[in-house]
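Chemist: sequence and predicted structure, then a few things I'm wondering about:
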Amino acid sequence: MRRFAKPLYGLTPVPRVRIPPSPPASPNCGESPRPFPPKYAKAAHFSRQLLDKTAAGFTQLKSIQNFVDGKFVSCTRTFADVNPANGAVIAQVAEADESLVDAAVQAARKALRGEWGRLTVRERAARLRKVADGIEARFDCFVTAEVADTGKPIALASRLDVPRAAANFRAFADLISTTGLEAFQTETPDGQSALNYAVRKPLGVVGIITPWNLPLLLLTWKLAPALACGNTVVVKPSEETPATATLLAEVMQQAGILDGVYNVVHGFGPNSAGEFLTQHADVDAVTFTGESQTGGAIMKAVAASLKPVSFELGGKNAAIVFADTDFDDAVAGISEAAFLNTGQVCLCTERVYVERPIFDRFVDALAAKSGGLRVGSPMEKTTELGPLISSQHREKVLSYNRLAREEGATVVIGGGVPEFGNSLDRGFYVQPTIYTGLPESARSVKEEIFGPVCHIAPFDTEEEAIKKANDTKYGLAASIWTTNLKRGHRVAQQMNVGITWVNCWFLRDLRTPFGGAGRSGIGREGGVHSLNFYSEPNNICIRL
């Protein structure tokens, strides 16, 4: 059975969701208009900016503000939020200055010491479940905002990003309610005994910095366990995708998440909100998903204060396809692994090693599969490939395509920019690209591209394939394709990565450890691993 791109949590199934035909124009994004109670009147502000439906079919976000201590806050400086599908400016985003970031941190500190800090685990878990319900109740709103910001196909946002955001809150509500800590009865030297047991305490104020490729999914992946453990947060979403983090503020308030617990500051990295947040003395920990280079800069920023950090960074992920694989299954799986979200997933496969007896056939089949992918408007339900996030990122991907040719690659398919003859020509599209013939030392084989690009190379022995797959400074993910399950186990255990799939890709159980080795990250997220990062164990020893 083929299993690709299905987010899973073993205790709570991901809900079935419908794909809306187009973003609705009402303030409630397709729901019957409902007045906001006076308590949430300020929270309604963001929704009412999400009104104007443009001729292209996208909801235009007039303004996106910061959210601090339960209030939406404007700033003097703004920057443009651009729709990657057509290059149109869809919002002006308020850029937080240093004083506003400080206000957000102080609000989070105050909330930590207030009523939020006195809630029981059961009470916190109940509110997380209400957040999940709130995301589902405004499903169309979140899909619309995510598609407009990222340019990803509406079908993908509808089946992955928004359902997984709700699932994250339910998963960690369940985990914090059921996961215990160690307890020991200890014999003392005088023949008596003592009881040792541990309790969890929150880290404090956590800075959460999230990327643009899966903005809502990866925000909630960090936010849910942080809140489950009793922390308060200041979120700095990517400047490319500010909408859903701000929209989530409304849902949080309506779910009973108290003022100051969830704060959002918008801006950039150096000399902007990102730097102000990571260098703030009252931030107790920082979690980040994004480029390895940015992770290194954050490490330097927090080094002097010895703040705990959790990083999920880049990857140059490999797939190994053995000749005994289920051929059609492997072709479909590698196509998904290379081109999902236009290759803008940290787990995507950019290096494919195929056993020589099936190499030529596999290259031809993958080229045919990728050539049939439907590239087009993200708002069309049949679109499979949307644009890249920005013109700058498109130029980076195209520069690697040029570099690959200079290094001697044979371009099997793609390598250029598609033409539509309409407003999409102003978007940031590239063709899905496959090349072969490069040596392992080529920069195009070694460096992360983060686009719909993969290089396919042959191998002759299992040992050769393992050596090539592991010959990278990254270590995030790998996939093995074989019908020999004994071989699958054997090879998977030799991969120097954080997660290895056998005969599948992107199949996740949210209780399992997730993270990377080498330049792909520090620490692990998921299940109890997330709880352990976002809490401090306090051992209590009682002499009996």
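Modeler: Ah, there it is.
Chemist: shaky segments in the stretch 251-400 of the chain?
Modeler: Scanning the stretch 251-400 of the chain for pLDDT under 70 picks out no residues.
Chemist: show me where it has its helices.
Modeler: 273-278, 292-303, 327-339, 359-371, 391-406 (DSSP state H, counting those that start in this stretch).
Chemist: nearest to His489, of these?
Modeler: Taking C-beta to C-beta, helix 327-339 is the member of the helices of the stretch 251-400 of the chain nearest to His489, at 17.6 Å. From N, CA and C alone the C-beta is placed, and that goes for glycine too.
Chemist: distance of the residue nearest the centre of the chain from Ser177?
Modeler: Most central in the chain under C-alpha atoms, centre = their mean is Leu218, positioned 3.2 Å from the mean C-alpha point. Going from Leu218 to Ser177 by C-beta to C-beta, to the nearest Å gives 23 Å.
Chemist: what's the residue nearest to the centre of the chain in contact with, if anything?
Modeler: Neighbour list for Leu218: Thr210, Pro211, Thr289 [criterion: C-beta atoms under 8 Å, 6 or more residues apart in numbering].
Chemist: run through the bridge partners of the nearest residue to the last one once chain neighbours are set aside.
Modeler: For Thr289, ignoring the flanking residues on the chain, the nearest one in space by C-beta to C-beta, 6 or more residues apart in numbering is Glu312 at 4.4 Å. For Glu312, the residues forming beta bridges with it (DSSP bridges) are Thr289, Gly521.
Chemist: tell me the contacts of Glu312?
Modeler: Phe288, Thr289, Cys346, Leu476, Phe514, Gly515, Gly516, Ser520, Gly521, Glu525.
Chemist: and the strand or helix carrying Thr246, what does it pack against?
Modeler: Thr246 is part of helix 243-254, with elements assigned from DSSP states H and E. Helices and strands in packing contact with helix 243-254 are listed as helix 44-47, helix 121-137, helix 139-150, helix 215-228, strand 262-264; criterion 3 or more C-beta pairs under 8 Å, 6 or more residues apart in numbering; DSSP states H and E.
Chemist: out of those, nearest to Arg405?
Modeler: That would be helix 139-150 among these, by C-beta to C-beta, at 28.8 Å.
Chemist: please save the CA atoms from that closest one in CSV.
Modeler: What follows is helix 139-150, C-alpha atoms only, in CSV (Å, rounded to 0.1, in the frame of the first residue of the first chain):
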residue,chain,number,x,y,z
PHE,A,139,-10.4,25.5,8.7
ASP,A,140,-11.1,27.6,5.6
CYS,A,141,-9.6,30.7,7.2
PHE,A,142,-6.4,28.9,7.9
VAL,A,143,-6.2,27.3,4.5
THR,A,144,-6.8,30.5,2.7
ALA,A,145,-4.2,32.4,4.7
GLU,A,146,-1.6,29.6,4.3
VAL,A,147,-2.1,29.3,0.6
ALA,A,148,-1.9,33.1,0.0
ASP,A,149,1.3,33.3,2.1
THR,A,150,3.2,30.3,0.8
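Chemist: what is the mean pLDDT for it?
Modeler: Across helix 139-150, pLDDT averages out at 97.
Chemist: swap in stretch 468-476?
Modeler: Regarding stretch 468-476, the rounded mean pLDDT is 98.
Chemist: what are the contacting residues of it?
Modeler: Under the criterion C-beta under 8 Å, 6+ apart, residues 292, 312-318, 320, 346-347, 351, 353, 440, 446, 448, 457, 459, 478, 494-499, 516-521 lie in contact with stretch 468-476.
Chemist: the same query, at a cut-off of 7 Å, please.
Modeler: Among residues not part of stretch 468-476, those counted as contacts by C-beta atoms under 7 Å, 6 or more residues apart in numbering are 314-318, 320, 346-347, 353, 440, 446, 448, 459, 478, 495-498, 516-520.
Chemist: on that earlier part again, save the helices and strands packed on helix 243-254 as CSV, and put in distance to Ala330 too.
Modeler: Output for these, formatted as CSV (distance: least, C-beta to C-beta, whole Å):
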stretch, distance to Ala330
helix 44-47, 44
helix 121-137, 35
helix 139-150, 28
helix 215-228, 26
strand 262-264, 42
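Chemist: please parse the chain into its domains.
Modeler: For the chain, automatic domain parsing gives the domain ranges 44-313+522-538, 317-509.
Chemist: and the end-to-end length of the last one?
Modeler: This stretch, domain 317-509, spans 20 Å end to end (C-alpha to C-alpha, to the nearest Å).
Chemist: among the contacts of Glu312, which one lies nearest to Ala297?
Modeler: Of all the contacts of Glu312, Phe288 has the smallest distance to Ala297: 9.8 Å, by C-beta to C-beta.
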